[in-house]
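Engineer: could you work out the structure for the sequence below:
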Amino acid sequence: MVETKMTEKLTAVIYSNGSQECERIGMLLETLPGVTEFHEYLLGVHFSDKQFRMEFGSEATYPQCSIGSKHIGSMKETLQYMSDKGMLL
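Structural biologist: This next block holds a predicted model:
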């Protein structure tokens, strides 16, 4: 489980291209214990693919996720992180 101070809000962020994988990980992030804010940024609405590549690298895949102030990475990396931290049952 992600440990936070009682006054600290835990925010989950996803950069999405609207795919089914992005929707699924977004729903999972929204339901994590301790997450008080969830933000979804959509390709073509909030950022361009060029901006995405500049931020995350030319080989980055959708979605890109952050939990708290930590950028986790792709869906696979995010699921591994959550598993390692005991966030998944």
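Engineer: so what touches whichever helix or strand Ile14 is part of?
Structural biologist: Using DSSP states H and E, Ile14 maps to strand 10-16. By CB atoms under 8 Å, 6 or more residues apart in numbering, the surrounding residues in contact with strand 10-16 are 2, 4, 22-23, 25-26, 29-30, 32, 34-43, 47, 52, 55-56, 62-68. Every C-beta, even on glycine, is put in place using the N, C-alpha and C of the backbone.
Engineer: now that strand: mean pLDDT?
Structural biologist: Mean per-residue pLDDT for strand 10-16: 95.
Engineer: quick one, whatever helix or strand comes next after that strand and strand 10-16 angle?
Structural biologist: Using DSSP H and E, the helix or strand that follows strand 10-16 towards the C-terminus is helix 20-30. Here helix 20-30 runs at an angle of 170 degrees relative to strand 10-16 (axes from the mean of the first three to the mean of the last three CA atoms, to 10 degrees).
Engineer: mind listing what's buried along helix 20-30?
Structural biologist: Under the neighbour-count criterion of 16 or more other CB atoms under 10 Å, helix 20-30 has Glu21, Cys22, Ile25, Gly26, Leu28, Leu29 buried.
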